[in-house]
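> Mind looking at a prediction? Sequence and model below.
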Amino acid sequence: MVRGYRDRADDSLLTLLGDLPELVSKLVKAEIDAAKAWVSRTAKDAGIGSVWFLIALFFLFWLVPMILVFAVAGLSSWWPVWLSALAVLGLLLLCMALCVLLGLLKFRKALRRENPGQAVATDIRLVKEAGDDTV
């Protein structure tokens with residue numbers, strides 16, 4: 001007997017059929033254990049990946065003000081500092097307004113779309129109305 005396995009070549013068909021529920025049960029338990037291990041490993045890796053993304057967002061948070069300071073400093077070589085800051089502020093306000101407008105357009109498009117629950121309710125209402133017409 002190698003690693004807990006036995007030679008089943010000489011077993012009868014009824015013996016093999018009798019052992020089938022136990023084998024299926026062991027197989028199902030092994031598959032469930034494998035799925036649990038996979039979920040555990042995947043959740044751990046996803047959690048660690050999320051932490052790395054949060055760290056990247058932290059650096060991005062400090063990068064944006066530095067880029068704005070760089071823009072103001074660069075423009076101040078041609079214009080006064082107050083005008084450079086005002087130009088960067090105006091550009092940021094313009095970008096913000098554009099993003100708000102695009103966001104509103106997307107939300108309006110999403111709100112006009114019929115959700116699946118409404119579609120089912122409409123179908124049921126149509127079927128009921130069709131059933132009332134035939135009676």
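On my side now, so go ahead.
> which ones are touching residue 73?
Shown in contact with residue 73 (C-beta atoms under 8 Å, 6 or more residues apart in numbering): residue 84. Just so you know, the C-beta spots here come from the backbone N, C-alpha and C atoms, and that holds for glycine as well.
> State the distance from it to residue 51.
Computed as C-beta to C-beta, to the nearest Å, the residue 73 to residue 51 distance reads 34 Å.
> again with residue 18
Counting by C-beta to C-beta - residue 18 and residue 51 are separated by 52 Å.
> what ranges do the helices span in this structure?
Ranges of helices within the chain are 13-75, 81-112, 116-134, based on DSSP state H.
> I'd like to know which elements the shortest one is packed against.
The reference is to helix 116-134. Judged by 3 or more C-beta pairs under 8 Å, 6 or more residues apart in numbering; DSSP states H and E, helix 116-134 is in contact with no other helix or strand.
> quick revisit: can you list the helices of the chain in TSV and add distance to residue 5 and mean pLDDT?
Putting those into TSV (distance: least, C-beta to C-beta, whole Å; pLDDT from 0 to 100) gives the following:
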stretch	distance to residue 5	mean pLDDT
helix 13-75	12	89
helix 81-112	58	91
helix 116-134	51	75
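> Can I get those in CSV including distance to residue 7?
Formatted as CSV, the helices of the chain follow (distance: least, C-beta to C-beta, whole Å):
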stretch, distance to residue 7
helix 13-75, 13
helix 81-112, 64
helix 116-134, 56
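> number of nearby residues for residue 70?
Number of residues near residue 70 (other C-beta atoms under 10 Å) recorded here: 11.
> Would you check how far apart it and residue 95 are?
For residue 70, the distance to residue 95 equals 16 Å [C-beta to C-beta].
> again, but for residue 89
Residue 89 is 11 Å from residue 95, where distance means C-beta to C-beta.
> Equivalent analysis for residue 18, please.
Residue 18 sits 74 Å away from residue 95, going by C-beta to C-beta.
> that older thread, which one of the helices of the chain lies closest to residue 6?
With C-beta to C-beta as the criterion, residue 6 lies closest to helix 13-75 of the helices of the chain, at 10.7 Å.
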